[in-house]
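# I'd like to go over a predicted model; first the sequence, then the structure.
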Amino acid sequence: MAEYLFPFDKVKKGSNIIIYGMGLAGRQYLEQVRTLEYCNVVALADRDASKFAGTEYHVVTPDELSRYDFDYIVVAAIYEDTAKSILQDLQRKMDVPPEKLICVKAEKIRSNFSLYGLKYMLENYEKMSACLEKFLYEAGGDIHYFDELIEELKSDLYLDAEKGRKEREYLKGYLEWETSARKKIILVRIFYEAGCLDKECVAEMMRCIREITDDYESRIWLTWDISIMELENSHVRYDDYFLDKRQVMRENMDHFLDRTGLVKGEKDSEKKRIAVIGFHFDNVATSHFKFMQPIANELSSKGYKVTVFPIDLLRYSYGECFIEPIFPVVKDSALMEQKHGKLLDSKIDVVYPKGSTMRERINHFTREIYRYNPDVVFDFCGEYAFCSSIYYDAFPTVALPMRGYASSAWFDKYVARDRQMCMEENRVFRSVPLDKMEAMVPADDTKYVYKGTPSHPYNRLDYGFGKKDFLIVTSGDRLKNELTIEFVDCVCSFLKEHSQAKWLLVGREICDYLETVYISYFIERRIIKWGYESDLCALYGMCDIFWNPERSGAGGCIGYAMRCGLPIVTTTFPSDCLPVLGVENAVKGGYPECKEYVERLFSDMELRRQKGELMRQRFINNTKGMGDYVRKLLDVGFQINK
């Protein structure tokens with residue numbers, strides 16, 4: 001059983017304490033001090049005390065704590081940001097002396113995690129079901145419980161494809177046999193962690209989410225997980241994926257939303273009131289903020305009243321889901337308020353959601369946007385537009401997708417980067433009706449988006465590369481999933497045939513398959529894990545080509561490469577970069593045809609120079625001013641009759 005250890009070294013034995021935070025850590029703190037009779041717990045507190053009504057725990061709200069005498073308040077928080085927020089509240093509202101506040105990061109002990117391996121799970125479905133049941137009661141949602149199983153399955157899939165395929169098919173059969181929605185979702189998550197997710201698994205997970213009608217906090221986090229899965233594995237989209245997700249998101253909002261007392265504010269007589277909706281601006285480096293920022297500033301410079309609403313309904317509190325989210329969002333956009341003030345026009349207002357629970361944050365956001373009563377909403381949330389049904393129902397809504405040509409958001413107009421590609425995608429997914437589709441390539445404003453020159457040029461010799469080395473670069477934040485087996489095998493076959501070729505992988509993580517099967521290439525420095533790079537222009541300046549896997553995102557990475565004059569090797573797979581790159585400049589065919597093109601670039605330096613210059617000019621020629629782009633957006637928004 002995964003446990004969190006009470007801070008015995010910080011609390012004197014026999015003290016009167018209050019445990020603040022009744023997630024898994026708080027409950028385990030309570031169990032430990034009671035079992036050992038270590039100290040006297042005078043109260044249990046939680047920001048969302050109401051959810052413990054009818055349980056064995058008598059939990060009070062923070063406002064009630066002044067009624068109790070105590071020596072210490074022990075904060076049971078898993079995440080540092082949550083702990084800081086709680087400490088600030090206690091010191092500000094209750095004036096609790098710092099020496100009475102005990103807050104250390106709750107560290108998880110994993111010594112008793114599941115020892116169930118793949119062999120045990122493959123014996124029969126009854127044993128598998130019992131194992132998943134134990135996870136629900138023992139693991140606190142931590143998928144590391146199944147580390148042994150995941151690593152075995154991953155290894156078999158990589159090193160013995162036929163054996164791995166049979167094991168995976170047997171496990172998939174469990175999805176038809178099992179009746180518990182929660183257990184099936186856990187198994188789908190195991191497939192995700194093992195890198196063998198497919199359309200059928202995601203379709204089953206979507207069905208299971210809708211079956212969970214007793215726990216809407218979990219439903220929202222599971223919808224977030226499905227967004228992450230699709231972002232990293234575009235091949236898992238089944239035909240009704242976007243339509244199904246759209247309905248799930250509406251159901252989630254309808255459950256939490258209190259429509260009583262919603263009143264729209266006074267209308268702007270000049271029709272100049274714009275709402276900009278963005279996803280969780282807790283990190284100004286995110287593409288959401290980068291895309292939104294110059295547009296919001298341009299709107300403000302044109303005399304429009306602009307208010308930005310960061311959607312912070314996703315702020316994870318431990319225990320809100322029976323399986324911990326893939327990437328739990330724990331930060332608050334308001335923590336970045338000072339930076340937002342420097343990067344946004346001084347006339348732009350930012351309304352940060354308030355509340356400690358999802359319900360409170362959702363309803364605060366709704367009341368505020370109704371009070372603001374915008375003439376047009378510009379939605380920059382992309383596939384994280386979990387609240388979009390709220391503003392779509394009430395206000396003219398224009399979706400500006402971050403990537404791709406299909407969407408689960410609710411909108412009146414959808415601004416695609418390429419109309420033809422959008423139509424082709426929607427022959428399958430049907431999620432962007434033709435009459436709601438507009439096409440505009442996003443403007444490039446060098447003041448905000450791309451730095452044209454490196455801060456300092458990178459020298460090959462400084463990084464151990466020779467003048468004759470052929471440097472291939474692939475960059476992106478999601479390489480762990482975007483570097484598929486097929487793509488990796490193709491690039492590595494080129495490396496095997498050309499000793500001068502080296503492959504730079506730029507990003508925080510790369511795929512496990514690469515490090516498992518091609519470990520010798522890393523030892524020989526034929527493949528280099530570069531990590532995060534803050535100055536892509538400098539890096540690209542010493543590279544020869546950019547080789548891109550089939551993925552819907554990475555437009556920014558490729559935009560930099562084109563601007564720096566690198567030849568781009570990519571297929572005609574529908575992606576954000578194609579409208580700027582030009583379909584005619586992509587490789588017709590698959591990865592083998594890409595490899596043939598790379599062979600030509602490798603052997604012909606003049607061809608490499610010509611293609612690089614073509615990319616540079618193509619990028620410059622397609623650049624449009626921000627003013628023109630924003631004018632077109634306004635035309636689209638104000639044509640909506642609502």
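Sure thing, it's come through. Residues are numbered from 1 along each chain as shown.
# ok, how many other residues are close to Lys336?
Careful, residue 336 is Met; it's not Lys. Neighbourhood size, Met336 [other C-beta atoms under 10 Å]: 20. All C-beta spots, glycine's among them, are computed from the backbone N, C-alpha and C.
# Quick one: the helices in the stretch 401-550 of the chain, in order.
Secondary structure of the stretch 401-550 of the chain, counting by DSSP state H, counting those that start in this stretch: helices at 419-429, 479-482, 485-497, 512-517, 519-523, 536-540.
# okay, the ones you listed in TSV with mean pLDDT next?
Shown next, in TSV, are the helices of the stretch 401-550 of the chain (pLDDT from 0 to 100):
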stretch	mean pLDDT
helix 419-429	89
helix 479-482	86
helix 485-497	96
helix 512-517	90
helix 519-523	93
helix 536-540	91
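# Which one of these lies nearest to Ser389?
When these are compared for distance to Ser389 using C-beta to C-beta, the nearest one is helix 419-429, at 18.5 Å.
# Report the secondary structure element holding Ala43.
Per DSSP states H and E, Ala43 falls inside strand 40-45.
# Who are the packing partners of that strand?
Contact analysis of strand 40-45 by 3 or more C-beta pairs under 8 Å, 6 or more residues apart in numbering; DSSP states H and E lists strand 16-20, helix 24-35, strand 59-60 as its packing neighbours.
# Please tabulate the ones you listed in CSV, including the columns mean pLDDT, distance to Asn641 and mean neighbour count.
Formatted as CSV, these follow (pLDDT from 0 to 100; distance: least, C-beta to C-beta, whole Å; neighbours: other C-beta atoms under 10 Å):
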stretch, mean pLDDT, distance to Asn641, mean neighbour count
strand 16-20, 94, 51, 23
helix 24-35, 85, 50, 19
strand 59-60, 91, 50, 18
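# quick one on the thing from earlier: what comes up buried for the strand holding Ala43?
Val41, Val42, Ala43, Leu44, Ala45 (16 or more other C-beta atoms under 10 Å).
# who does that strand pair up with?
Here strand 40-45 is paired, per DSSP bridges, with strand 16-20 (parallel), strand 59-60 (parallel).
# Kindly reformat those strands as TSV and extend each row with distance to Arg631.
Output for the strands paired with strand 40-45, formatted as TSV (distance: least, C-beta to C-beta, whole Å):
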stretch	distance to Arg631
strand 16-20	52
strand 59-60	54
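# among the ones you listed, which is nearest Glu169?
Comparing these by C-beta to C-beta, strand 59-60 comes nearest, at 46.0 Å.
# The very next helix or strand once past the closest one packs against which elements?
The helix or strand immediately downstream of strand 59-60 is strand 72-75, counting by DSSP H and E. Counting contacts by 3+ C-beta pairs under 8 Å, 6+ apart, strand 72-75 packs against strand 16-20, helix 80-93, strand 101-102.
# Just name the most buried of those.
With neighbours defined as mean count of other C-beta atoms under 10 Å, these peak in mean count at strand 16-20, which reaches a mean of 23.
# Using PDB, list the CA coordinates for it.
Output in PDB follows, covering the C-alpha atoms of strand 16-20 (Å, rounded to 0.1, in the frame of the first residue of the first chain):
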ATOM      1  CA  ASN A  16      -3.000  19.000  20.100                       C
ATOM      2  CA  ILE A  17      -3.100  19.200  16.300                       C
ATOM      3  CA  ILE A  18      -5.400  20.000  13.400                       C
ATOM      4  CA  ILE A  19      -4.900  18.100  10.200                       C
ATOM      5  CA  TYR A  20      -5.600  20.400   7.300                       C
END
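# Name the residue closest to the centre of the chain, please.
For the chain, Ile228 is the residue whose C-alpha lies nearest the centre (C-alpha atoms, centre = their mean; 5.3 Å).
# In contact with that one, which residues?
Contacts for Ile228 (C-beta atoms under 8 Å, 6 or more residues apart in numbering) come out as Ile326, Phe327.
# quick one: low-confidence ranges for this structure?
1-3, 80-81, 105-116, 284-285, 444-455, 622-624 (pLDDT under 70).
# Can you report how many residues lie near Arg250?
Here the number of neighbours of Arg250 (other C-beta under 10 Å) works out to 18.
# Of the buried residues of strand 40-45, which is the nearest to Gln338?
Nearest to Gln338, judged by C-beta to C-beta, of the buried residues of strand 40-45 is Ala45 at 30.1 Å.
# Now do the spatially closest residue to the closest one that is not a sequence neighbour against Tyr72, distance only.
Distance criterion C-beta to C-beta, 6 or more residues apart in numbering; nearest residue to Ala45, sequence neighbours excluded, is Tyr20 at 4.7 Å. For Tyr20, the distance to Tyr72 equals 10 Å [C-beta to C-beta, to the nearest Å].
# Arg430 contacts Tyr241, correct?
No: applying C-beta atoms under 8 Å as the test, Arg430 and Tyr241 come out as separate, 10.4 Å apart.
# Of those two, which one has the most company?
Neighbours were counted for Arg430 and for Tyr241 using other C-beta under 10 Å; Tyr241 has more, 21 against 13.
# From Ala409, how far out is the more buried one?
13 Å.
# Equivalent analysis for Lys272, please.
Going from Lys272 to Ala409 by C-beta to C-beta gives 24 Å.
# ok, the two, which is more surrounded?
With neighbours defined as other C-beta under 10 Å, Lys272 and Ala409 compare such that Ala409 has more, 27 against 16.
# Contact partners for the nearest residue to the more buried one once chain neighbours are set aside?
Leaving aside its chain neighbours, Ala409 sits nearest to Ala385 (3.7 Å; criterion: C-beta to C-beta, 6+ apart). Counting by C-beta under 8 Å, 6+ apart, Ala385 touches Met249, Ile277, Phe279, Ile311, Asp379, Ala399, Ser407, Ser408, Ala409, Trp410.
# Over to Pro328?
Counting by C-beta under 8 Å, 6+ apart, Pro328 touches Tyr79, Tyr316.
# now it: how far from Ala139?
Relative to Ala139, and taking C-beta to C-beta, Pro328 is found at 15 Å.
# With Phe365 instead?
In this structure, Phe365 and Ala139 are 33 Å apart, going by C-beta to C-beta.
# higher neighbour count, these two?
Neighbours were counted for Phe365 and for Ala139 using other C-beta under 10 Å; Phe365 has more, 25 against 22.
# Helix or strand: which one has the more buried one?
helix 358-372.
# rewinding a little: any idea which of the helices and strands packed on strand 40-45 gets closest to Met206?
Closest to Met206 of the helices and strands packed on strand 40-45 is helix 24-35 (C-beta to C-beta; 27.1 Å).
# count of residues packed around the residue nearest to Arg478 when sequence neighbours are not counted?
Closest residue to Arg478 apart from its sequence neighbours, by C-beta to C-beta, 6+ apart: Glu232 at 5.1 Å. Glu232 has 20 neighbouring residues, counting by other C-beta under 10 Å.
# ok, now which ones touch Glu232?
Per C-beta under 8 Å, 6+ apart, neighbours of Glu232: Arg478, Lys480, Asn481, Glu482.
# The third one reaches Ile510, doesn't it?
Going back to what we said before, that points to Asn481. No: look at Asn481 against Ile510 with C-beta under 8 Å: they stay out of range, at 10.0 Å.
# that older thread, quick one: which helix or strand includes the residue nearest to the centre of the chain?
Per DSSP H and E, Ile228 falls inside helix 216-232.
# report the angle between the axes of that helix and helix 358-372?
Relative orientation of helix 216-232 versus helix 358-372 (axes from the mean of the first three to the mean of the last three C-alpha atoms, to 10 degrees): 80 degrees.
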